[in-house]
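Participant: Here's a sequence, model it:
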Amino acid sequence: MSAARSEQDICAALDKGIQTGIFPDPVAEQAKLYLMHLRDPVRLSVMGLPGTGKSTLTNFLTGASVVPEGIRLPSLWVVRGERNRAICTLRDGTEEVIEPIDAGEIAACAPVFVRLEMRLPALDKISVLEVVMGPEISDRRRALGWAARRTDIAIWCSQAFDHEEQELWSTMPDRIKDHAFLVISKADELASSGILQDRLADLGATAAEDFQGIYPIATLQALDARAPDGSVDKAKLTSSGGRALIGAILRIVEQGRQSALDNAGILLRQYQDALSRAIAPTPAPPPAAATPMPEPDPEPEADEEKSKTLDPRTRRRPRQKSDLRMLLRIADQVQVAQPVEEPAPEPEPEDEPAPEIEVAAETKEDASPSNVVELHPETREAFEKAVGYLANKGQELAEELPKMGPAAPKWIIDETIEIANELVDQLGMLGMHDDPALAKAAEMSFDAADLLQLMQIEKEDNAAVEALAVLLQMKREFESRLAA
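Facilitator: Numbers count the residues shown, from 1 in each chain. As a prediction, this is how the structure comes out:
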């Protein structure tokens with residue numbers, strides 16, 4: 001079955017579980033969240049102080065002149081739509097629709113918020129929220145708190161990321177910081193002044209822990225790389241830094257989608273019996289002349305109760321060995337430990353369509369050395385070993401599980417904790433060289449081991465399932481770092 005078909009099946013099964021009431025309320029809410037991640041565009045927010053190039057970057061990311069130069073607008077959200085229109089929220093709470101979109105008309109009605117619905121290819125993958133903040137520090141904090149609740153990936157635009165900006169960013173939750181980029185906009189101006197490299201070196205020491213990456217971008221040059229006829233000057237796009245940023249965004253988009261697929265698949269396996277009965281077609285009645293088919297024996301009450309499986313955190317039920325064996329088939333995805341290879345570069349045409357947000361890996365040639373930090377050779381080797389180690393351990397778990405009998409759930413938890421601790425030890429022994437990528441990987445492994453310990457303490461019925469999901473996510477994290 002193809003990956004696309006598999007995703008379609010997962011979404012259909014989640015829908016079925018929600019609509020038929022097979023999922024209890026807490027699980028149904030989780031299923032809705034997975035569906036949102038799989039079906040809806042990722043919510044990307046562009047933040048920063050006034051005058052840092054947010055509007056120019058918004059235009060670049062959407063591939064259109066969403067915010068015309070010289071017109072001051074409030075915070076706006078650019079989303080996909082069947083037709084181009086603006087929905088303006090006014091100060092009295094009413095809405096005014098402007099169709100087609102006219103920036104002058106929008107500014108004239110003095111809205112407090114604008115939702116732009118546009119037919120743009122980029123908006124199939126992302127929506128873009130440009131956050132406009134007032135002059136007072138209290139206003140800015142409120143604006144960031146409001147935006148954080150509506151954000152999956154954040155971009156902070158800056159030229160210096162000074163103390164005031166650092167204080168504002170410190171108020172953001174870790175969930176946002178784990179999916180955030182610092183963009184040094186107007187990088188061409190900084191470079192012409194001879195301060196760009198020193199600025200990047202300083203920020204590498206002060207901001208690296210709070211962002212997934214620091215990307216200097218000549219935003220006007222990035223916009224200029226797109227010609228009016230829709231073609232793209234790929235060399236100009238790359239040298240501007242814009243292509244590297246798009247590649248980094250797409251990696252997080254794909255990681256989030258894959259994580260939702262993994263966790264949704266595990267959730268569905270817990271309810272597979274009930275879902276199979278709900279999805280199975282009703283058999284056609286036999287012909288009139290045929291001998292009536294005997295009625296099937298009613299299912300025992302125990303099986304009926306099993307079909308009503310509730311969230312394991314609100315209702316406890318002993319998990320059967322067969323259930324766990326099926327859950328461990330996720331180990332099939334990690335059987336072969338192959339080093340991550342970069343795709344061969346495709347022939348570059350002279351002109352190509354404007355950059356669209358498409359899920360695709362970025363090659364090393366896509367970014368300049370100032371935008372991409374190569375992994376330390378020892379770190380790369382450690383990550384490759386980690387991928388192989390997790391793959392082999394996943395296969396061992398699958399092979400040993402049938403021998404465990406009723407002790408299988410506890411055994412799985414114990415084994416996953418040992419695996420995570422082993423990774424912590426392996427990465428900790430490499431702490432001799434100063435590599436931020438290694439430090440982040442070690443922190444990730446430590447957090448995973450800590451989470452597994454909590455699962456062991458809680459002793460919930462679904463802890464074994466969640467532990468397997470943690471291991472799979474760890475492997476994907478190492479793979480993504482190798483591919484970056």
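Participant: Run the chain-centre distance for the helix or strand hosting K385.
Facilitator: Here K385 sits within helix 377-400, counting by DSSP states H and E. Helix 377-400 has its C-alpha centroid displaced from the chain centroid by 23 Å (Cα atoms, centre = their mean, to the nearest Å).
Participant: Any stretches of this structure with poor pLDDT?
Facilitator: The chain contains residues with pLDDT under 70 at 1-5, 227-230, 279-374, 428-434, 455-462, 484.
Participant: So what's the residue count around the residue lying closest to L76 once chain neighbours are set aside?
Facilitator: Nearest non-adjacent residue to L76, counting by Cβ to Cβ, 6 or more residues apart in numbering: V114, 4.1 Å away. Where C-beta positions appear, they are placed from N, C-alpha and C, glycine not excepted. Residues near V114, counting by other Cβ atoms under 10 Å, number 24.
Participant: so who does V114 touch?
Facilitator: When contacts are counted by Cβ atoms under 8 Å, 6 or more residues apart in numbering, V114 touches 73-77, 86-89, 106.
Participant: Could you tell me how far it is located from Y34?
Facilitator: V114 is 30 Å from Y34, where distance means Cβ to Cβ, to the nearest Å.
Participant: and if you look at M118?
Facilitator: For M118, the distance to Y34 equals 27 Å [Cβ to Cβ].
Participant: mind giving me the domain split of this structure?
Facilitator: In terms of domains, the chain is parsed into 41-224, 374-483 (source: automatic domain parsing).
Participant: Adding distance to R277, write the ones you listed out as JSON lines.
Facilitator: As requested, those are arranged in JSON lines below (distance: least, Cβ to Cβ, whole Å):
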{"stretch": "domain 41-224", "distance to R277": "34"}
{"stretch": "domain 374-483", "distance to R277": "21"}
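Participant: who wins for proximity to I266 among these?
Facilitator: For I266, the closest of the domains of the chain is domain 374-483, at 5.3 Å, according to Cβ to Cβ.
Participant: ok now stretch 166-176, how far from the chain's centre?
Facilitator: Relative to the chain's own centre, stretch 166-176 is displaced by 18 Å; criterion: Cα atoms, centre = their mean.
Participant: Show me which positions of that stretch end up buried.
Facilitator: 168-169, 172, 176 (16 or more other Cβ atoms under 10 Å).
Participant: Quick check: the farthest pair among the residues you listed?
Facilitator: With distance counted by Cβ to Cβ, no two of the buried residues of stretch 166-176 lie farther apart than L168 and I176, which are 12.2 Å apart.
Participant: before we move on, the earlier item: can the contacts of V114 go into TSV with extra columns for neighbour count and distance to A260?
Facilitator: Putting those into TSV (neighbours: other Cβ atoms under 10 Å; distance: Cβ to Cβ, whole Å) gives the following:
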residue	neighbour count	distance to A260
L73	20	33
P74	16	32
S75	19	27
L76	22	27
W77	18	22
A86	23	31
I87	18	28
C88	24	33
T89	16	30
I106	21	35
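Participant: Please narrow those to those residing in strands.
Facilitator: Judged by DSSP state E, strands contain the following of the contacts of V114: 76-77, 86-89.
Participant: The residues you listed: which two are farthest apart?
Facilitator: By the measure Cβ to Cβ, the ones in strands among the contacts of V114 have their two most distant members at W77 and C88, which lie 11.6 Å apart.
Participant: Common neighbours of those two, please.
Facilitator: Counting by Cβ under 8 Å, 6+ apart, the common neighbours of W77 and C88 are 113-114.
Participant: Help me confirm that L203 comes into contact with L190.
Facilitator: No: the pair formed by L203 and L190 falls short of the contact definition of Cβ atoms under 8 Å, at 11.3 Å.
Participant: what sits in contact with each of these two?
Facilitator: Common neighbours of L203 and L190, counting by Cβ under 8 Å, 6+ apart, are I184.
Participant: Which residues does stretch 76-83 contact?
Facilitator: Around stretch 76-83, the neighbours that count as contacts under Cβ under 8 Å, 6+ apart are 41, 58, 62, 66-67, 99-100, 113-120, 123-124, 127-130, 132, 150.
Participant: Just to be sure, which of those residues are found in helices?
Facilitator: Secondary structure assignment by DSSP state H places 58, 62 of these in helices.
Participant: Out of the contacts of stretch 76-83, which end up buried?
Facilitator: Buried by 16+ other Cβ under 10 Å: 41, 58, 62, 66-67, 113-118, 120, 123, 127-130, 132, out of those.
Participant: out of those, which are inside strands?
Facilitator: Taking DSSP E, the ones among those that sit in strands are 113-118, 127-130.
Participant: gap between the spatially most central residue of the chain and E422?
Facilitator: To find the centre residue of the chain, average its C-alpha atoms and take the closest one (Cα atoms, centre = their mean): that gives G256, at 2.5 Å. When distance is defined by Cβ to Cβ, G256 is 27 Å away from E422.
Participant: quick one: what helix or strand has K32 in it?
Facilitator: Secondary-structure element containing K32, defined by DSSP H and E: helix 25-39.
Participant: buried sites along that helix?
Facilitator: So, applying 16+ other Cβ under 10 Å, buried residues of helix 25-39: 27-28, 30-31, 34-35, 37-38.
Participant: what's the answer for stretch 12-23, then?
Facilitator: When burial is assessed from 16+ other Cβ under 10 Å, stretch 12-23 yields the following buried residues: 13-14, 16-18, 22-23.
Participant: again, but for stretch 124-144
Facilitator: By neighbour count, with 16+ other Cβ under 10 Å as the criterion, the buried positions of stretch 124-144 are 125-133, 140, 143-144.
Participant: Could you identify the most distant pair in those?
Facilitator: Within the buried residues of stretch 124-144, K125 and R140 form the most distant pair, 28.8 Å apart (Cβ to Cβ).
Participant: Give me the three-state assignment for L375.
Facilitator: Secondary structure state of L375, per DSSP: H, G, I helix; E, B strand; the rest coil, is coil.
Participant: quick one: it and L482 touch, right?
Facilitator: Yes: because the distance of 7.5 Å satisfies Cβ under 8 Å, L375 is recorded as touching L482.
Participant: residues shared between the contacts of those two?
Facilitator: In contact with both L375 and L482: F383, using Cβ under 8 Å, 6+ apart.
Participant: Name the nearest residue to K186, ignoring sequence neighbours.
Facilitator: Closest residue to K186 apart from its sequence neighbours, by Cβ to Cβ, 6+ apart: G53 at 5.7 Å.
Participant: W411: how many residues sit nearby?
Facilitator: If you count neighbours by other Cβ under 10 Å, W411 ends up with 18.
Participant: Can you list phi and psi of the closest residue to it other than its chain neighbours for me?
Facilitator: Excluding the flanking residues, the one nearest W411 by Cβ to Cβ, 6+ apart is M404, at 4.9 Å. With angles defined as degrees, to the nearest 10, M404 sits at phi -80, psi -30.
Participant: How about the one 3 residues further on?
Facilitator: In terms of degrees, to the nearest 10, the main-chain angles of A407 are phi -80, psi 0.
Participant: so how far is Q453 from it?
Facilitator: As for A407, its distance to Q453 is 19 Å (criterion: Cβ to Cβ).
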